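In: fold the stuff below for me.
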Amino acid sequence: MDLRNRLTKEHSKSLCLEIVNYVGGDQCRFDLLFSCMEVQEKILSQRAAWAVSFCVEKHPYLLEKHLTKLPQVIAEAVHPAVIRNSLRALQFIDVIPEEVAGHILDLSFQFLLSEKEPVAIRSLASRLIVRIGAPIPELRDEIIEVFTDLSNHESPAVRSSIRQGLKRMKKRV
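Out: Numbers count the residues shown, from 1 in each chain. Got it, this is the predicted structure:
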């Protein structure tokens with residue numbers, strides 16, 4: 001399958017699932033799909049990111065090879081879908097390596113605190129902040145403080161993620 005061609009011709013859930021089935025657990029095919037997500041072409045990267053997140057949901061190990069460059073892909077994303085689906089994909093990774101976790105944590109704080117970011121990105125960012133930051137005692141209090149401040153001013157979806165995060169953070173104390 002010519003992934004690049006298929007992704008630029010159509011945008012549908014059925015195509016996304018067709019690509020996910022085509023990639024399956026094959027690392028080479030996933031690498032090609034991931035390379036489509038990295039490009040600076042809005043339509044191609046947006047559509048590839050959607051399929052990448054579903055592939056990682058089924059086969060999390062496929063993303064391991066790309067974890068070190070994922071923060072850069074997120075930071076340079078040309079479409080919010082790349083950010084959203086990258087953050088979503090990280091939910092399925094058992095262990096985020098330390099050298100990547102710090103970058104992801106920084107980006108997640110930037111997204112959460114930016115009112116111009118879409119709600120889905122901010123909500124996913126809050127979950128990653130808890131996941132990465134909760135085990136670190138030095139960060140826990142800071143995260144609780146930030147979440148508490150935000151919990152009164154946000155949209156319902158972000159408030160809900162923040163409340164859930166606060167519950168998990170307070171259980172760890």
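
In: and this structure, what are its domains?
Out: If the domains of the chain are taken from automatic domain parsing, they occupy 1-94, 97-173, with pieces of a single domain joined by a plus sign.

In: now these as a markdown table including mean pLDDT and mean neighbour count?
Out: Placement of C-beta: from N, CA and C, glycine included. A markdown table is the format used below for the domains of the chain (pLDDT from 0 to 100; neighbours: other C-beta atoms under 10 Å):
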| stretch | mean pLDDT | mean neighbour count |
| --- | --- | --- |
| domain 1-94 | 96 | 18 |
| domain 97-173 | 89 | 17 |
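
In: distance check, residue 117 against residue 80.
Out: Taken as C-beta to C-beta, to the nearest Å, the spacing of residue 117 relative to residue 80 amounts to 8 Å.

In: residue 43 and residue 9 touch, don't they?
Out: No - checked against C-beta atoms under 8 Å, the pair residue 43 and residue 9 is beyond contact range at 10.0 Å.

In: pretty sure residue 96 sits against residue 90.
Out: Yes - under the criterion of C-beta under 8 Å, residue 96 makes contact with residue 90 at 6.5 Å.

In: what do the two both touch?
Out: With contacts defined as C-beta atoms under 8 Å, 6 or more residues apart in numbering, the residues adjacent to both residue 96 and residue 90 are residue 104.

In: so who does residue 113 touch?
Out: For residue 113, counting by C-beta under 8 Å, 6+ apart, the contacting residues are 146, 150.

In: got the phi and psi for it?
Out: Backbone dihedrals for residue 113, given as degrees, to the nearest 10, come out at phi -80, psi -10.

In: spit out the contact partners of residue 87.
Out: With C-beta under 8 Å, 6+ apart, residue 87 has these contacts: 74, 108, 111, 121, 124, 125, 128.

In: which element, helix or strand, includes the last one?
Out: The reference is to residue 128. helix 119-133 (DSSP states H and E).

In: now do the helices in this protein.
Out: Chain-ordered helices for the chain, with DSSP state H as the definition, fall at 3-9, 13-23, 27-38, 42-58, 70-75, 80-90, 98-113, 119-133, 137-150, 156-172.

In: got the angle between the fourth one and helix 13-23?
Out: Computed by axes from the mean of the first three to the mean of the last three C-alpha atoms, to 10 degrees, the angle separating helix 42-58 from helix 13-23 equals 60 degrees.

In: elements contacting helix 42-58?
Out: Here helix 42-58 is seen to pack against helix 3-9, helix 13-23, helix 27-38, helix 80-90 when contacts are counted using 3 or more C-beta pairs under 8 Å, 6 or more residues apart in numbering; DSSP states H and E.
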